[in-house]
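**Student:** whatever this is, show me its structure:
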Amino acid sequence: MTITPLSVPPTDGEVDHWWAVLAAARTADRPGTPPPSRTEVAGALRVPSVRGRSLYWATEDAVASLVLFTDGANDHTAFLDELTVRPDARRRGVGAALWERARAELLADGRTSVATEVDLGGPGQEFAESVGFENVLPMAWYVQDVREARWAQGVQAARVAKEGAAPTAPGYELRCWPGLVPDAWARAVAVAHGAMEDAPSGELDQRIQTWTPERLHAAHRKILDRGGALTTVAAVTPDGEVAAYTELVLTDPAGPRALQYDTVVVPAHRGHGLGRAVKLRMLAEAATRHPDLRTIATSVADDNAPMLAVNAALGYRRERGVGYFQLQL
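**Tutor:** Numbering: from 1, shown residues only. Below is the predicted model:
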């Protein structure tokens, strides 16, 4: 078996191979969910993480990628972003060989832990636990059927118009920014991101970064440079504070599935329905900007009761259990 690092930048042939492996595995392991598109795979391989040094390897039947964080707060840890084997090549030592290659890099770089996201109840969990990973943050993916949600939103809008109720809490304005957040609002959004510090994180070694306008723009620019589409909706106060925001990402703008990234409500502004308000506005924006969109997916920790309640009220249904698994090296 030959383990080969990817070229920098990867060739079209290497991208095609990586895509074929992921598509075969996702089709077998996640029936009913769309496999990644070539646009998504090529973007991820050609535009690396802004949080660290990315490493990529491939064999004839498998692929793996590792991010060694260099953000200052997490230089002790890393993230195994991919370790995927074709279904017809499993249980032949291919995954184990790739894991040993990644583990050697982690040890050589002085990392003390590594985490990865694993689907529960499948071959990924079995493999992760066999090499010593433990589930330190139980989560699940939830999906919203966009067409059903738009219909429900239309019914609700008609009721609001009839009853004269305000769709958003008084004192807040909803702003929408496609692409990069404007410079004038980047600092306010970065400050609001600090509210993520009280989000459940289990026993993960990763530490929350202090966000700055520059870090915010770098994270958003990576999405766009990879060929994706990004929209941010925020609830703002008259004095320019961002009280809540949510982000919608299409890793492939032509694809049927979008990802809801962070949804944040600043503690001082909780209890006003702002999480629901920004998500509803995002749904309306998606209807205009991405008319072919079918589903919106988001992951939520099992013990994040407030966000689970918001999503349930908006019609999200549980799709599959996942966990952030971690290994102490």
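**Student:** where do the helices sit along the protein?
**Tutor:** Counting by DSSP state H, the chain has these helices, from start to end: 12-29, 38-46, 94-108, 123-130, 146-163, 183-193, 213-225, 274-289, 305-313.
**Student:** of all these, which one is nearest Leu55?
**Tutor:** helix 94-108 (6.1 Å; CB to CB). For glycine as for every other residue, the C-beta is placed from the backbone atoms N, C-alpha and C.
**Student:** in the closest one, which residues are buried?
**Tutor:** Residues 94-95, 97-99, 101-103, 105-106 are the ones in helix 94-108 that count as buried (16 or more other CB atoms under 10 Å).
**Student:** ditto for stretch 263-274
**Tutor:** So, applying 16+ other CB under 10 Å, buried residues of stretch 263-274: 263-266, 269, 272-274.
**Student:** would you check how far apart the residue nearest to the spatial centre of the chain and Arg103 are?
**Tutor:** Nearest to the centroid of the C-alpha atoms of the chain, with distances taken as CA atoms, centre = their mean, sits Tyr261, at 5.5 Å. Distance, Tyr261 to Arg103, using CB to CB, to the nearest Å: 30 Å.
**Student:** tell me what the residue lying closest to Gly323 once chain neighbours are set aside is bridged to.
**Tutor:** Among residues not flanking Gly323 along the chain, Asn135 sits closest, at 3.9 Å (CB to CB, 6 or more residues apart in numbering). For Asn135, the beta-bridge partners under DSSP bridges are Phe325.
**Student:** I'd assumed Val322 was in contact with Asn135.
**Tutor:** No: in this structure Asn135 lies outside contact range of Val322 using CB atoms under 8 Å: 9.2 Å.
**Student:** any common contacting residues for the two?
**Tutor:** 118, 120 (CB atoms under 8 Å, 6 or more residues apart in numbering).
**Student:** one step back: as a markdown table, the helices of the chain with mean pLDDT and distance to Val85 would be great.
**Tutor:** Below are these laid out as a markdown table (pLDDT from 0 to 100; distance: least, CB to CB, whole Å):
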| stretch | mean pLDDT | distance to Val85 |
| --- | --- | --- |
| helix 12-29 | 97 | 7 |
| helix 38-46 | 97 | 16 |
| helix 94-108 | 98 | 5 |
| helix 123-130 | 96 | 8 |
| helix 146-163 | 57 | 33 |
| helix 183-193 | 96 | 36 |
| helix 213-225 | 96 | 27 |
| helix 274-289 | 91 | 34 |
| helix 305-313 | 91 | 32 |
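**Student:** which of those helices sits closest to Met1?
**Tutor:** helix 94-108 (5.8 Å).
**Student:** check which helices and strands the closest one sits against.
**Tutor:** strand 52-58, strand 62-69, strand 78-85 (3 or more CB pairs under 8 Å, 6 or more residues apart in numbering; DSSP states H and E).
**Student:** now for the second one, which elements pack on it?
**Tutor:** Right, the one you point to is strand 62-69. helix 12-29, strand 52-58, strand 78-85, helix 94-108.
**Student:** residues touching that strand, excluding its own?
**Tutor:** Residues contacting strand 62-69 (CB under 8 Å, 6+ apart): 17-18, 21-22, 49, 51-58, 75, 77-86, 89, 94-95, 98-99, 101-102, 105-106, 109, 111, 114, 206.
**Student:** ChimeraX command to pick out the buried ones of those residues?
**Tutor:** To isolate the buried members of the contacts of strand 62-69 in ChimeraX, using 16+ other CB under 10 Å:
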select :17,18,21,22,49,51,52,54,55,56,57,58,77,78,79,80,81,82,83,84,85,86,89,94,95,98,99,101,102,105,106,111,114,206
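**Student:** can I get the helices of the chain in a markdown table with distance to Thr295?
**Tutor:** A markdown table is the format used below for these (distance: least, CB to CB, whole Å):
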| stretch | distance to Thr295 |
| --- | --- |
| helix 12-29 | 15 |
| helix 38-46 | 15 |
| helix 94-108 | 29 |
| helix 123-130 | 22 |
| helix 146-163 | 6 |
| helix 183-193 | 26 |
| helix 213-225 | 18 |
| helix 274-289 | 11 |
| helix 305-313 | 13 |
